[in-house]
Structures are given as C-alpha cells and as structure tokens.
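Participant: The sequence and its predicted three-dimensional model are supplied below.
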Amino acid sequence: MSIRKNFRQIIAAPGMALAPGAYDALSARIIEAQGFDVMVAGGYAAMGALLAAPDTGQSNMRDYADHYGRICGAVNIPVYVDADTGFGGPNNVRQMVRAFEAAGVAGLFISDQVFPNRCGYMAGKAVISAEEMMTKLKAALDARRDPDLVIVARSDALGVEGIDAAIERCQMYMELGCDMAKPMGADAIDEFKRVLREVPGPQLANLSHANANWKSSMQDLEKAGAALCTFPSAALFAAVGGVARAMKALKDHHSFETVQSELSPLNDYYELVGLDRQNATENSYLAAARAVIEKRTGARKG
C-alpha cells in the first residue's frame, strides 16, 4: 500500500489517530521510532528550526519543498504538511502541489489567509475572498498527479469574520472537491462538534503549543468524532527545552551530570540514525564488487 493510501485509511478508520509534528528529519525519525502511524510538518516548526524565527510567512515554496522532502525521506509513515497560502496565485499553487508531491508528502493544507501567512494562533490575520481561495483550491486539485494525495482547505475566517463565516467557507471548499476543510481556531469542544455536524467529511483537531491554552482535551475530541489530532509544535518545544537545559548545565557546572538522563545514549543514537544498517548496506555493495572481480580473476587463472 502506498503511503498516501495509508494516510487516507488512517483518516477514515474508527477512532482518533495522533499525529505529532516534526521540525526536521531527525525529529521525524524519533516520532516514527516511538510507534506513531502518521505525523505532521508545519510552518511554525519549520520557521523555528530553519530560521530561528516566528511563523510569519518569511520562507518560500522551494525551501518548504526541500524541508519536507528531507522529512519524508527519513520515515516510512505519512507526513501531512502545511502549504501556507499556496505561495501565490493559482499558477504558484500548481507548482507547489507538484513540488510537494515530488517531496513525498501524503497530504497538504492551504489557508485562505492573505499573504504572507501567519501562524493561525497569532493576531493580525486577514483573509482573501472565498472566490479567490476556491480558485487556488481548484488549481491544487487539478495539479495533483496522484489522486490519493490529500488536499485540505483551511479557513482562517473564524478569527476575522466569526465561526459562521468560517463554516460557510469550509462548506463551499468541500463542494469544490477538497478532501477535507477545517475552520482554524474552532478548538473549543462545542465549536468542534458544530463543525463536525455542519462541514462534510472527516475533521482534524489541532492541539498546538502555539496556542497557550488548549480548549479541549484529547479524550473529548476523540469522543466527539475527530479523525486525527495533530500536535504540530510539540517536538519543537520539547527540543528547545531539552537543549536549553543541557547547555545551561554545561555553562553552570562544566558538566552534563545533572541532565545526563535526558541525553541519548550513544548506541541509541546510532540505532536511530541507522549506522549499523548503513554499514551493512555498504559492505553488501563491496561484497558484490569483489564477487565480480574474483569471478574474472578465477576465469583468467582457469
């Protein structure tokens, strides 16, 4: 089964799958090693990891495609990614879909924010018209080569025009043919239940550390009927905390003794990055080369 078909099955399956967010290839490998079946990779974590900057739309499509390609290349589970506003008009959106598809993503979401895109939990957002957004979405749907690539429309209208407007936009986006449509910010359980009732298709819940106060629990969201719960910045915040503690210990005590339990043992790290597997593969190539040489040497002697 392809990774994209697997992603569709995960979304359609009963219960709620958990999807932590990766900020780079190594964090993606850690997530997979812990047994998760799906992950996300968002702009918030990407901007933190790549630029040490807040998520206010300062990167470009090619940077994202390269970033997502490294993450997808490190794992064998579906990766669902952030496509910001599509990085321009319909023709830009077409290029983005082709580039992200080539990078290996299982699904992507496009926001109806005005460019430059901001984290959905930040103030200062504005949205384009529903007509302009649907033009972009139509371009995205037309551009995908693999029909199993999941294309999701995200509306940020809730924080600008209210939940009624956000739900109406999502309904139109689904009528256009998107696989899912999500009103960003409908995090309170009553709002989430309303979205489930009024917006066709599966619905994704989002518990981001960029949102200082989660309004719903995982248990409530699963009970309500969420297909997937994403944690787009969890690994990023864990890494920031862990690295800061380790560096503080080194600076203050000239030792890692106080944080030793938080540091990965060397053998565990090599297992994670696949050193033994890499060496075994390299040795198999060497063995194949030697076999050819020995065969020719033996034929000459004969």
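Facilitator: Received it, and whenever you're ready, just let me know what you need. Numbering: from 1, shown residues only.
Participant: can we go C-alpha only for contacts and neighbour counts from here?
Facilitator: OK.
Participant: Give me the distance from the helix or strand of the chain with the lowest mean pLDDT to the chain's centre.
Facilitator: In the chain, the helix or strand scored least confidently by mean pLDDT, DSSP states H and E is helix 158-161, which has a mean of 88. The chain centre lies 24 Å from the centre of helix 158-161; the measure is C-alpha atoms, centre = their mean, to the nearest Å.
Participant: who's in contact with the following helix or strand past that helix?
Facilitator: For helix 158-161, the following helix or strand on the C-terminal side (DSSP states H and E) is helix 163-176. The contact list for helix 163-176 (C-alpha atoms under 8 Å, 6 or more residues apart in numbering) reads 130, 134, 137-138, 153-158, 180-183, 186, 195, 198-201.
Participant: list the contacts for residue 29?
Facilitator: Contact analysis of residue 29 by C-alpha under 8 Å, 6+ apart lists 74, 75, 272, 273.
Participant: Next: residue 262.
Facilitator: Residue 262 is in contact with residue 242, counting by C-alpha under 8 Å, 6+ apart.
Participant: Please state the backbone phi and psi of it?
Facilitator: Dihedral pair for residue 262: phi -90, psi -10, per degrees, to the nearest 10.
Participant: just to revisit the earlier point, helices or strands up against the least confident helix or strand of the chain?
Facilitator: Counting by 3 or more C-alpha pairs under 8 Å, 6 or more residues apart in numbering; DSSP states H and E, the packing neighbours recorded for helix 158-161 are helix 163-176.
Participant: re earlier: narrow the contacts of residue 29 to those in helices?
Facilitator: The members of those that map onto helices under DSSP state H are 74, 272, 273.
Participant: Quick check: the first one touching residue 27?
Facilitator: No - in this structure, residue 74 is not within contact of residue 27 by C-alpha atoms under 8 Å, at 9.5 Å.
Participant: what's whichever strand or helix holds residue 197 packed up against?
Facilitator: Per DSSP H and E, residue 197 falls inside helix 189-198. When contacts are defined as 3+ C-alpha pairs under 8 Å, 6+ apart, helix 189-198 packs onto helix 163-176, helix 218-224.
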